[in-house]
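1. Requesting a structural model of the entry that follows:
(one chain, ligands or ions: 1)
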Amino acid sequence: MSALLTGSQSLIPVSIFTGFLGSGKTTLLNHLVRSPAMNRALVIINEFGSVSLDHDLIARSSDDLVVEMIGGCLCCTIRGDLMKTLRDAPWRFARDDTCWFDRVVIETTGLADPAPILHTLMTDDHLLPLYRLDGVIATVDAAAGMATLDTQEEAVKQVALADRILITKTDLVTEQGRSAVETRLKALNPAAPIIQVVNGIIDAANLFDVGLYNPGTKSMDVQRWLAAEAYEGSHDHGNHHGNDHGHSHEDHHHHDVNRHDDRIQATCLTFDEPLDPQAFENWIDILTMFKGQDVLRIKGILNLKGEEKPVVIHGVQHLFHPPVRLDAWPSDDRRTRLVFITRDISADELRDTLALMTTGLDRYGLQGLISEVPANGLLVETANRNWQ
Ligand SMILES: Nc1nc2c(ncn2[C@@H]2O[C@H](COP(=O)(O)OP(=O)(O)OP(=O)(O)O)[C@@H](O)[C@H]2O)c(=O)[nH]1
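-> Alright, predicted model coming up:
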């Protein structure tokens, strides 16, 4: 049984602060470390260079709980070091034989891809019993953001993967400029709340406890986390009738292949009828096997045949967090809802992968699919399955 299923409330939340070079991550952190919410936060700062600058810029009364990771990037060259740091940290920072910190904040380098860092948290057997992902916070510079998104693919991915997006330096732009950036961010990631920040000043409550588990209510807050309704209207939505009511992102935005964010699509698929768990798993396996790199994030609540309780899933590219079975449905809405953020996969293509495999069969329940797909054993990269 996964650590999440055994009680995520006792796991230490981890927030990942990402954002392009100079977008204001350190400034933000510098403000946040003074807030009570971060009194006992372990701060991990990653910098490319061999000399740490950011650590010196982070002002806190005691630097006991600041770890610098320099000389490489957490998402690639020193990813192993991050695992080791997180594994050792509860003991390294223990007081009276108990873990002293109650939260972890990781500041990535400006060029980091957050996905491999999320993978580290989602798959490492030593980390799963200790930590839970709280959220990805992405900073976007209001003044330079447009140009950065045009030219830097990493910046687009950081925004697409985020749970919260902060537009920084709004003091440097006109209202019109700010609004243009906001519109663009909303198109990339409709569900993530967008918050304006000047000089890093923000209430920690806006940034922490944004994940599936809500310490405030001491429950899994799926509605808030999934925010499926955010995808309605602005993007192609749903396929529960199996046809094409929606129009794709490309239909209502001028298409310029040089704009990285035109490659990103946010889609919510809903299913009225309970899904066959095996068929669903096979579909996701096929999708992630062939398109894994471009399925940036999947979140969902599943109504599975033979299963009274809802199952919550969360995937980043080809890797899935262990599914979480909830005690009860969060509302009267018992439909399966799946939210996808994809790159170079349109909503139509997404639906096609589903339609292809269900042709002539029960389209809603995906029945009959089982005999048409490879055995799960072949799909080594899709870890921690077993939806039921
Ligand atoms: N005017 C203005 N300047 C800001 C704001 N936020 C940050 N800055 C400035 O922008 C510059 C870059 O901010 P940092 O916080 O160092 O950015 P960063 O994302 O940590 O940068 P890297 O470590 O290079 O990735 C600094 O000179 C900050 O003082 C803001 O809201 N308004």
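
2. The ligand contacts on the chain?
-> Within the chain, the positions lying close to the ligand (CB under 6 Å from any ligand atom) are 19, 21-27, 54, 110, 168-169, 171-172, 198-200. C-beta coordinates here come from the backbone N, C-alpha and C atoms, glycine included.

3. Kindly recompute the last result at 8 Å.
-> Counting by CB under 8 Å from any ligand atom, the positions of the chain adjacent to the ligand are 19-30, 47, 53-54, 57, 107, 109-110, 139, 141-142, 168-172, 197-200.

4. Now, those that are in strands?
-> Among the residues of the chain next to the ligand, the members falling in strands (DSSP state E) are G19, E47, E107, T139, D141, T168, V197.

5. can you pull the contacts of the fourth one?
-> For T139, the contacting residues are F17, T18, G19, F20, S23, G24, K25, L28, I165, L166, T168, V197, by CB atoms under 8 Å, 6 or more residues apart in numbering.

6. Would you reformat these as JSON lines and include neighbour count?
-> Output for these, formatted as JSON lines (neighbours: other CB atoms under 10 Å):
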{"residue": "F17", "neighbour count": "26"}
{"residue": "T18", "neighbour count": "28"}
{"residue": "G19", "neighbour count": "30"}
{"residue": "F20", "neighbour count": "25"}
{"residue": "S23", "neighbour count": "26"}
{"residue": "G24", "neighbour count": "24"}
{"residue": "K25", "neighbour count": "25"}
{"residue": "L28", "neighbour count": "24"}
{"residue": "I165", "neighbour count": "24"}
{"residue": "L166", "neighbour count": "29"}
{"residue": "T168", "neighbour count": "27"}
{"residue": "V197", "neighbour count": "22"}
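
7. How many residues are close by D272?
-> Residues contacting D272 under the criterion other CB atoms under 10 Å number 12.

8. Report the separation between it and D333.
-> For D272, the distance to D333 equals 11 Å [CB to CB, to the nearest Å].

9. Next: L82.
-> As judged by CB to CB, L82 and D333 stand 38 Å apart.

10. Of these two, which one has the most company?
-> Comparing L82 with D333 by other CB under 10 Å, the one with more neighbours is L82, at 23 against 12.

11. helix/strand/coil for the more buried one?
-> helix (DSSP: H, G, I helix; E, B strand; the rest coil).

12. quick one: contacts for the nearest residue to it once chain neighbours are set aside?
-> Setting aside the residues directly before and after it, L82 is nearest to L74 in space (CB to CB, 6 or more residues apart in numbering), at 5.0 Å. Residues in contact with L74 (CB under 8 Å, 6+ apart) are N46, D81, L82, I106, T108, T109, A112, P116, I117.

13. L74 in helix, strand or coil?
-> Taking three-state DSSP, the label given to L74 is coil.

14. Mind pulling the model confidence for it?
-> The model reports L74 with a pLDDT of 72.

15. same thing with D344?
-> pLDDT at D344 comes out at 87.

16. doesn't D294 make contact with it?
-> Yes. Counting by CB atoms under 8 Å, D344 touches D294, with 5.2 Å between them.

17. what about these two, which has more around it?
-> D294 (17 against 12).

18. who touches that one in this structure?
-> T342, R343, D344, I345.

19. Buried subset of those as a ChimeraX selection?
-> Selection of buried members from the contacts of D294 for ChimeraX, criterion 16 or more other CB atoms under 10 Å:
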select :342,343,345
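
20. Distance to E307 and secondary structure added to the contacts of D294, as JSON lines?
-> Shown next, in JSON lines, are those (distance: CB to CB, whole Å; DSSP: H, G, I helix; E, B strand; the rest coil):
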{"residue": "T342", "distance to E307": "27", "secondary structure": "strand"}
{"residue": "R343", "distance to E307": "31", "secondary structure": "strand"}
{"residue": "D344", "distance to E307": "33", "secondary structure": "coil"}
{"residue": "I345", "distance to E307": "28", "secondary structure": "coil"}
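
21. Now distance to N39 too, for the contacts of D294, in CSV please.
-> CSV is the format used below for the contacts of D294 (distance: CB to CB, whole Å):
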residue, distance to N39
T342, 39
R343, 38
D344, 43
I345, 43
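
22. Share the number of residues neighbouring A205, please.
-> Count around A205 with other CB under 10 Å applied: 11.

23. Burial check on K84, number of neighbours?
-> Using other CB under 10 Å, K84 has 12 other residues around it.

24. How confident was the prediction at it?
-> The model reports K84 with a pLDDT of 90.
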